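S.K.: after the sequence you'll find the predicted model.
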Amino acid sequence: MRIFATFDEAARSGGFASGTAVTIGVFDGLHRGHRALISHTVALARRNNLSPVVITFDDHPLSVLAPPYAPKKLIYPDRKARIVRSLGVATMISVRFSREFAEQPAAAFVEEALAGVCRARLVICGYDFNFGKGGEGNADLLRALGPRLGFETEVVHAVTEDGMFVKSTMVRDLLFAGRAEEACRLLERPYELRGTVVTGFGRGSRIGFATANLKTDTTHVTPARGVYLCMARVPARQVTRAAMVNIGYNPTFGLNELSVEAHLLEFEGQLVGETVELHFLRRLRDEQKFPSVEALVAQLHRDRTAARDALNSPELAAAIEAVLTLDNPEA
């Protein structure tokens with residue numbers, strides 16, 4: 001898959017001579033609804049002998065237009081690219097959103113970017129798609145401009161889950177409530193949070209549960225406080241292990257700062273300075289304050305037993321396999 005950062009860069013490639021089927025979106029999460037839209041675009045492209053193109057943004061538009069209201073991120077750029085590629089897309093244009101871009105009239109964007117650069121013959125969009133200055137562009141505008149500019153427009157209806165439209169907001173709400181398995185179902189993969197391992201207080205080692213203390217990017221969703229079963233990946237080492245992950249304030253030790261700590265099962269070694277990916281499978285329990293360190297240790301042993309039992313659960317098999325295949329460079 002070719003990836004371009006600007007439309008000028010894409011235009012210079014000269015790779016759209018045969019015409020394209022294009023879909024556009026922030027795709028902030030690449031959940032089931034986003035995947036359905038992209039997969040439909042790829043299917044239509046193949047059926048019409050066109051090249052499938054995804055136009056997206058490297059960040060949410062609100063991070064530029066109204067930073068205090070920008071939603072927490074659900075996906076990393078490299079993960080987005082790998083998933084888009086896996087869906088059969090030939091070209092992705094990941095635009096750096098700016099105020100200048102936001103001020104572009106919708107009709108100009110259609111004429112210059114879609115019909116001009118991409119040579120679109122089909123434009124596929126979601127039911128709630130808006131674009132251009134002030135959000136003035138929509139499917140009706142695409143349908144109106146298409147005949148003159150040489151493309152047809154198709155609108156893909158919403159994907160639903162339990163009678164509700166699948167949206168990124170729904171995924172965020174599930175994670176903020178600690179409902180990792182439900183979020184996984186909508187994302188079609190476990191939610192991923194990354195961090196750099198930093199030196200901690202060493203308390204875990206002293207009680208037999210050494211942890212990797214992660215410094216995470218606060219612009220990404222941090223799930224609700226509690227103890228989770230995750231798959232932890234250390235990409236630089238190509239190591240993947242099940243992990244018990246605690247998100248919270250360590251009330252037993254009276255800390256006042258939110259921490260993310262991962263105890264990797266069946267692993268020994270130092271990870272300070274390494275990047276670790278946490279892929280959330282299931283929430284095991286709430287954060288608790290224990291009357292003593294001994295009571296905490298007893299609960300951690302129970303958590304470890306619960307985690308190992310869950311790893312053999314048929315309900316988690318597909319999610320675990322999705323993480324294990326990430327060690328394959330072609331995944």
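M.R.: Arrived safely, thanks for sending.

S.K.: in stretch 285-305, what's buried?
M.R.: Residues of stretch 285-305 classed as buried by neighbour count (16 or more other C-beta atoms under 10 Å): 287, 296, 300, 303-304. For the C-beta atoms, the positions are set from N, CA and C on the backbone; glycine is no exception.

S.K.: let me know the closest of these to L142.
M.R.: E287 (48.0 Å; C-beta to C-beta).

S.K.: residues contacting the nearest residue to that closest one once chain neighbours are set aside?
M.R.: In space, and not counting its chain neighbours, E287 is closest to G248: 3.8 Å by C-beta to C-beta, 6 or more residues apart in numbering. G248 is in contact with 225-226, 258-259, 287, counting by C-beta atoms under 8 Å, 6 or more residues apart in numbering.

S.K.: for G248, grab phi and psi.
M.R.: When quoted as degrees, to the nearest 10, the phi and psi of G248 stand at phi 170, psi -160.

S.K.: could I get the contacting residues of the residue nearest the centre of the chain?
M.R.: With distances taken as C-alpha atoms, centre = their mean, the chain has I75 as the residue nearest its mean C-alpha position (2.4 Å). I75 makes contact with 27-30, 83, 192, according to C-beta under 8 Å, 6+ apart.

S.K.: okay, now S18: neighbour count?
M.R.: S18 has 10 neighbours, counted by other C-beta atoms under 10 Å.

S.K.: I'd say it and L50 touch.
M.R.: Yes: assessed by C-beta atoms under 8 Å, S18 is found in contact with L50 at 6.7 Å.

S.K.: thinking again about what came up before, what bridges to the residue nearest to E287?
M.R.: Beta-bridge partners recorded for G248 (DSSP bridges): S259.

S.K.: how close does it get to L149?
M.R.: 54 Å (C-beta to C-beta, to the nearest Å).

S.K.: likewise Y249?
M.R.: Distance, Y249 to L149, by C-beta to C-beta: 56 Å.

S.K.: over to T169?
M.R.: In terms of C-beta to C-beta, T169 sits 33 Å off from L149.

S.K.: neighbour count winner among those two?
M.R.: L149 (17 against 12).

S.K.: contacting residues for the more buried one?
M.R.: Going by C-beta under 8 Å, 6+ apart, L149 touches 110-111, 114-115, 120.

S.K.: for V221, same thing?
M.R.: By C-beta under 8 Å, 6+ apart, the contact set of V221 is 72-74, 172, 175-176, 191, 193.

S.K.: and if we set it to 6 Å?
M.R.: With contacts defined as C-beta atoms under 6 Å, 6 or more residues apart in numbering, V221 is in contact with 72, 74, 172, 175.

S.K.: would you reformat those residues as TSV and include pLDDT and secondary structure?
M.R.: Formatted as TSV, those follow (pLDDT from 0 to 100; DSSP: H, G, I helix; E, B strand; the rest coil):
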residue	pLDDT	secondary structure
K72	96	coil
L74	97	coil
R172	97	helix
L175	98	helix
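
S.K.: from these, which is closest to V64?
M.R.: Closest approach to V64 among those (C-beta to C-beta): K72, at 15.8 Å.

S.K.: ranges for the helices of the stretch 201-331 of the chain?
M.R.: Assigned by DSSP state H, counting those that start in this stretch, the helices in the stretch 201-331 of the chain fall at 203-206, 293-311, 317-324.

S.K.: kindly reformat those helices as TSV containing distance to P105.
M.R.: Formatted as TSV, the helices of the stretch 201-331 of the chain follow (distance: least, C-beta to C-beta, whole Å):
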stretch	distance to P105
helix 203-206	56
helix 293-311	53
helix 317-324	41
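
S.K.: pick out the shakiest of those helices, pLDDT-wise.
M.R.: Least confidently modelled of the helices of the stretch 201-331 of the chain is helix 203-206, at a mean of 71 by mean pLDDT.
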